[in-house]
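Q: here is the input, now give the coordinates:
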Amino acid sequence: MSGTGLEGRCVVVTGAGAGIGRAAALRFASEGARVLIADLDAEGASTTERLITEQDGTATTVIGDLGDQSVVDEIVSTAVERFGGPDVLVNNAGIMDSFAAVADLTEAEWERVLRVNLSAPFLLTRAALPHMLAKGSGVVVNTASEASLRGSAAGAAYTSAKHGVVGLTRSLAVMYRDSGIRANAIAPGGTATGITVDADPEALGPNVLGSYGKNIGRVADADEQASAIVFLASDAASNVSGVVLPVDNGWSAV
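A: Below is the predicted model of the structure:
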């Protein structure tokens, strides 16, 4: 163990069936944390759990839609029953939009993207907080995005949702700073995760956004994002709260 203070802690990671979430779950397990894997993809989540247990780590899995309150309740109750309640919550699960501009955005896409990317982190954080408050400590790490820092990295729905994640993070940091709770976010830039964008190349949004693609820089791998998540959750960041940390090869500086 590397002295991160994560050994024995219960860490809930959403979207842990692949990409950044899987990489984070594996890193937390390697630090001795007990990991609850939450994902809609049963096969991917099962693979993550197997990878952890093969390395003598401790993990359990809850499958379901994080926008469903009953699934959220199951995640928290499982964390309590198996591991004594959440010490760290990583709200990482998310979906991309179609890069649609406001005039071209359907209500269905708007509602779906906000439900997964913003409402789900709110619901799970709200459910986890009473257990953290009872312990007098806890950490929330949210996955925001480069799109939470600018208006040129995604469509209107995703950009709005990820800006909301930043607001949620900062509100948590202020409201609960005297209760032993820290809240931070990472803002990934281009990252190789397998997530694809279903966009109409002739539409306004993709045409406008394409002109900014040259600023992305080197594409990160999921482990680089996971390193930042684990740092923010660890005792090494014990006085860090309310921070939105770009992990984007300097894209936000351009």
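Q: could you look up the SS state of residue 153?
A: Secondary structure of residue 153, reduced to three states by DSSP: H, G, I helix; E, B strand; the rest coil: coil.
Q: show me where the protein has strands.
A: 10-14, 34-39, 58-63, 88-91, 138-143, 181-188, 191-192, 220-221, 244-247 (DSSP state E).
Q: ranking these by mean pLDDT, which is last?
A: The stretch with the lowest average pLDDT out of those is strand 191-192, scoring a mean of 89.
Q: show me what it is packed against.
A: strand 220-221, helix 222-233 (3 or more C-beta pairs under 8 Å, 6 or more residues apart in numbering; DSSP states H and E). From N, CA and C alone the C-beta is placed, and that goes for glycine too.
Q: re the thing from before, distance to residue 102 and mean neighbour count added to the strands of the chain, as CSV?
A: Output for these, formatted as CSV (distance: least, C-beta to C-beta, whole Å; neighbours: other C-beta atoms under 10 Å):
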stretch, distance to residue 102, mean neighbour count
strand 10-14, 28, 29
strand 34-39, 31, 28
strand 58-63, 34, 20
strand 88-91, 26, 30
strand 138-143, 24, 27
strand 181-188, 22, 26
strand 191-192, 26, 16
strand 220-221, 29, 18
strand 244-247, 24, 20
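Q: between those, which one is nearest to residue 122?
A: Closest approach to residue 122 among those is made by strand 88-91 (8.7 Å; C-beta to C-beta).
Q: paired strands for the closest one, with orientation please.
A: The strands that strand 88-91 pairs with in its sheet are strand 10-14 (parallel), strand 138-143 (parallel) (by DSSP bridges).
Q: closest one to residue 187 among the ones you listed?
A: Closest among these, using C-beta to C-beta: strand 138-143, at 8.4 Å.
Q: how far is that closest one from where the chain is centred?
A: When distances are taken as C-alpha atoms, centre = their mean, to the nearest Å, strand 138-143 is centred 8 Å away from the chain's centroid.
Q: then that strand to PDB, C-alphas only?
A: Output in PDB follows, covering the C-alpha atoms of strand 138-143 (Å, rounded to 0.1, in the frame of the first residue of the first chain):
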ATOM      1  CA  GLY A 138     -16.500  11.200   3.500                       C
ATOM      2  CA  VAL A 139     -15.300  12.100   0.000                       C
ATOM      3  CA  VAL A 140     -17.300  12.700  -3.200                       C
ATOM      4  CA  VAL A 141     -15.400  12.700  -6.500                       C
ATOM      5  CA  ASN A 142     -17.500  13.600  -9.600                       C
ATOM      6  CA  THR A 143     -16.500  13.100 -13.200                       C
END
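Q: and the angle from it to helix 222-233?
A: In terms of direction (axes from the mean of the first three to the mean of the last three C-alpha atoms, to 10 degrees), strand 138-143 departs from helix 222-233 by 150 degrees.
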